[in-house]
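**Student:** Based on what follows, work out the 3D shape:
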Amino acid sequence: MILTSGSIVIKRDHNRKKLTLRYYDLKLFNNLLTEKLLTEKQLYRYYTTIHGKRISYPGFWKKLAKFEEYGLIKSYKYKVGQNGTTLKYFRLRQYGYDLIKNIKVVPKYYENEKLSNIPKTNLDHHFGTKEVILNSLIEFKDPNPILEEPQIIPSRIARVFPAVIPDGVIKLGEATLYIEFDSGSEALNELKGKVLRYLAEADHYTEEERKEGILIALLDNSIPNRKGIEDRTNRIRNITKVISTLPEVLNKNIHIYVLPMFLASKGALSFLEEDKDYTIRRDLCKILDLLKRGNCHNSIEIIEGMDILTSYNKNYNFSPQLINIHEKNQNTIFFTIFQYKEIGNIIDYDKIVQLSDVRCLEPGCTAEFLYVVYEDEETMRMDIKITGALKKVRYITVKTTHDFVERPYIFMRDTKNTVKKVYDQKQWPNLLF
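**Tutor:** So this is what the prediction gives:
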């Protein structure tokens, strides 16, 4: 092995063949070290999307074949379907590990990793978990090209270990996201028990400066797998229902997301996003402004630190994200609630249900309208398909049509799990009847 400027050259003793490794090639070895096993397609996405290198797929095949020829990695095949579909996947070999260790580019926490400890069974579960992690890293990278990148850390050093052994852990600053992957074989009570152990661990640390979340991702056909699962809606509803019955859910400072694999990265991005509270507040104020300009909302003042907020906190351990007074008379204050909804977030949904059921417990104060705000229409429809649509709620999205002020609209319940766009303000629902 010869170190040159920005590269490593490995020569064969018995002939003139040599292999030149660049820094970004070594990063690929690090990905195999942290993730144990990765499919060929997952490695290609790490190389091109995460590490930003341009290469054709055939060119990448040749690169992997060269790495294997020199004993740096090893390939395997995994049959996933009845029609002969086969996945090729790889692991790091000892020579590859020794190489990155000798030049001191091994990621933190993996300095003494045992390469023999690799999954041999339930590969759908393994590759599904790794797909969620990869998609989450890509989702975060796209809108945040210059910010600190999330880090993958071993489950064995997670704060909740050994009470719970997460399938994956992504960390960014003080935010930690625990990933639980569901391939459909685990009993709901087992999953419920695991969530309870997470929540029990949250007892010991509830300060705001540390943020923890659980992402339960369900296997679907966004990657080849042996189960051939199309629609996970019913399973998601059942998991959500079971977890929502836990009284600890609303009392802990921990977010819980339940999503199919193809949407899981959106939940991860939402959780890891820095300054999220500021972003949500800005978006809610944007909606309020659009409604005022569209002459469909009369804004008198935004409530800050009044008895109404105290009443919500006292009775429900949370307060609405934005309250706007739209009418006052001699005896009563009427106000509008604006509440943001993250896709798949169980706590968000429970809060919205409570806000829609109780108008207000403070004498002389009445909540008349509730706007539930989503980022965009696609996210809203996907989420409502799973959680259901509430009758008294006005759904609205941050991304609106260009003519919204001239033709304001909201979405309201159409069927149990769908919503429809409504322009006629007389039809817009309210909380009073």
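
**Student:** Can you give me the neighbour number for the closest residue to residue 122 other than its chain neighbours?
**Tutor:** Counting by Cβ to Cβ, 6 or more residues apart in numbering, residue 122 lies nearest to residue 183, which is 7.5 Å off, once chain neighbours are set aside. Every residue, glycine included, has its C-beta placed from N, CA and C. Neighbourhood size, residue 183 [other Cβ atoms under 10 Å]: 19.

**Student:** Then residue 350?
**Tutor:** Neighbour tally, residue 350, other Cβ under 10 Å: 18.

**Student:** pretty sure it is touching residue 249, no?
**Tutor:** Yes: between residue 350 and residue 249 a contact is recorded at 6.7 Å, counting by Cβ atoms under 8 Å.

**Student:** distance of the residue nearest to residue 122 from residue 217?
**Tutor:** Using Cβ to Cβ, to the nearest Å, residue 183 is found at 10 Å from residue 217.

**Student:** so what sits against both of the two?
**Tutor:** Residues touching both residue 183 and residue 217 (Cβ atoms under 8 Å, 6 or more residues apart in numbering) are residue 128.

**Student:** Strands of the stretch 201-350 of the chain, start to end?
**Tutor:** Secondary structure of the stretch 201-350 of the chain (DSSP state E, counting those that start in this stretch): strands located at 211-218, 254-260, 301-302, 322-328, 333-340.

**Student:** Do I have it right that residue 180 meets residue 219?
**Tutor:** No: assessed by Cβ under 8 Å, residue 180 is found out of contact with residue 219, at 11.8 Å.

**Student:** Pick out whichever of these two has more residues nearby.
**Tutor:** Counting neighbours by other Cβ under 10 Å for residue 180 and for residue 219 shows that residue 219 has the greater number, 27 against 23.

**Student:** Skip the chain neighbours and tell me the closest residue to that one.
**Tutor:** Nearest non-adjacent residue to residue 219, counting by Cβ to Cβ, 6+ apart: residue 183, 4.4 Å away.

**Student:** Likewise for residue 351?
**Tutor:** In this structure, residue 351 finds its nearest non-sequential neighbour in residue 318, 5.8 Å apart by Cβ to Cβ, 6+ apart.

**Student:** Near the one you found, how many residues? Count them for me, please.
**Tutor:** Residue 318: 17 surrounding residues under other Cβ under 10 Å.

**Student:** do the one 3 residues further on as well
**Tutor:** A count of nearby residues for residue 321, using other Cβ under 10 Å, gives 16.

**Student:** who's in contact with it?
**Tutor:** By Cβ under 8 Å, 6+ apart, residue 321 lies in contact with 280, 281, 284, 338, 339, 340.

**Student:** quick revisit: right, and the residue nearest to residue 219 touches residue 128 too?
**Tutor:** Yes: using Cβ under 8 Å, residue 183 is in contact with residue 128, at 6.6 Å.

**Student:** tell me, what's touching the two both at once?
**Tutor:** Both residue 183 and residue 128 are contacted by 219, 225, under the criterion Cβ under 8 Å, 6+ apart.

**Student:** Off-centre distance for the strand or helix carrying residue 138?
**Tutor:** Using DSSP states H and E, residue 138 maps to helix 123-141. Remark: helix 123-141 is offset 10 Å from the chain centroid, using Cα atoms, centre = their mean, to the nearest Å.

**Student:** Quick one: mean pLDDT for that helix?
**Tutor:** Averaging pLDDT along helix 123-141 yields 93.

**Student:** could you give the angle of that helix to strand 254-260?
**Tutor:** Computed by axes from the mean of the first three to the mean of the last three Cα atoms, to 10 degrees, the angle separating helix 123-141 from strand 254-260 equals 110 degrees.

**Student:** quick one: helix 123-141 to strand 211-218, angle?
**Tutor:** Put simply, helix 123-141 runs at 130 degrees to strand 211-218, going by the same axes, to 10 degrees.

**Student:** How many neighbouring residues does residue 399 have?
**Tutor:** Residues lying near residue 399 (other Cβ under 10 Å) number 13.

**Student:** To clarify, my last question referred to residue 89.
**Tutor:** Neighbour count for residue 89, taken as other Cβ under 10 Å: 22.

**Student:** quick one: average confidence on the helix or strand just after the helix holding residue 138?
**Tutor:** Remark: after helix 123-141, the chain's next helix or strand is strand 151-152, criterion DSSP H and E. Strand 151-152 carries an average pLDDT of 91.

**Student:** Repeat that for stretch 317-334.
**Tutor:** Averaging pLDDT along stretch 317-334 gives 88.

**Student:** Next: stretch 190-199.
**Tutor:** Averaged across stretch 190-199, the pLDDT comes to 91.

**Student:** List the buried residues in that stretch.
**Tutor:** 191, 194, 195, 198, 199 (16 or more other Cβ atoms under 10 Å).

**Student:** isn't residue 382 right next to residue 262, touching?
**Tutor:** No: Residue 382 is beyond contact range of residue 262, at 9.7 Å (criterion: Cβ under 8 Å).

**Student:** what sits against residue 198?
**Tutor:** By Cβ under 8 Å, 6+ apart, the neighbours of residue 198 are 160, 164, 178, 214, 254.

**Student:** what's near enough to touch the residue nearest to residue 122?
**Tutor:** 122, 124, 125, 128, 218, 219, 225, 227 are the contacts of residue 183 under Cβ under 8 Å, 6+ apart.

**Student:** now, among the residues you listed, which is nearest to residue 299?
**Tutor:** Nearest to residue 299, judged by Cβ to Cβ, of those is residue 218 at 40.9 Å.

**Student:** wait, the closest one sits on residue 263?
**Tutor:** No: counting by Cβ under 8 Å, residue 218 stays clear of residue 263, with 9.5 Å between them.

**Student:** what sits opposite the closest residue to residue 211 other than its chain neighbours in the beta ladder?
**Tutor:** Distances taken as Cβ to Cβ, 6+ apart put residue 175 closest to residue 211, at 4.4 Å, once the chain neighbours are dropped. Judged by DSSP bridges, the bridge partners of residue 175 are residue 172, residue 211.

**Student:** Tell me which other helices or strands the host helix or strand of residue 178 touches.
**Tutor:** Using DSSP H and E, residue 178 maps to strand 175-182. Packed against strand 175-182 by the contact rule (3 or more Cβ pairs under 8 Å, 6 or more residues apart in numbering; DSSP states H and E) you find helix 123-141, strand 168-172, helix 188-202, strand 211-218, helix 261-272.

**Student:** could you give the mean pLDDT of the last one?
**Tutor:** For helix 261-272, mean pLDDT is 92.

**Student:** Which strands or helices does it pack on?
**Tutor:** Secondary-structure packing of helix 261-272 (3+ Cβ pairs under 8 Å, 6+ apart): helix 123-141, strand 168-172, strand 175-182, strand 211-218, strand 254-260.
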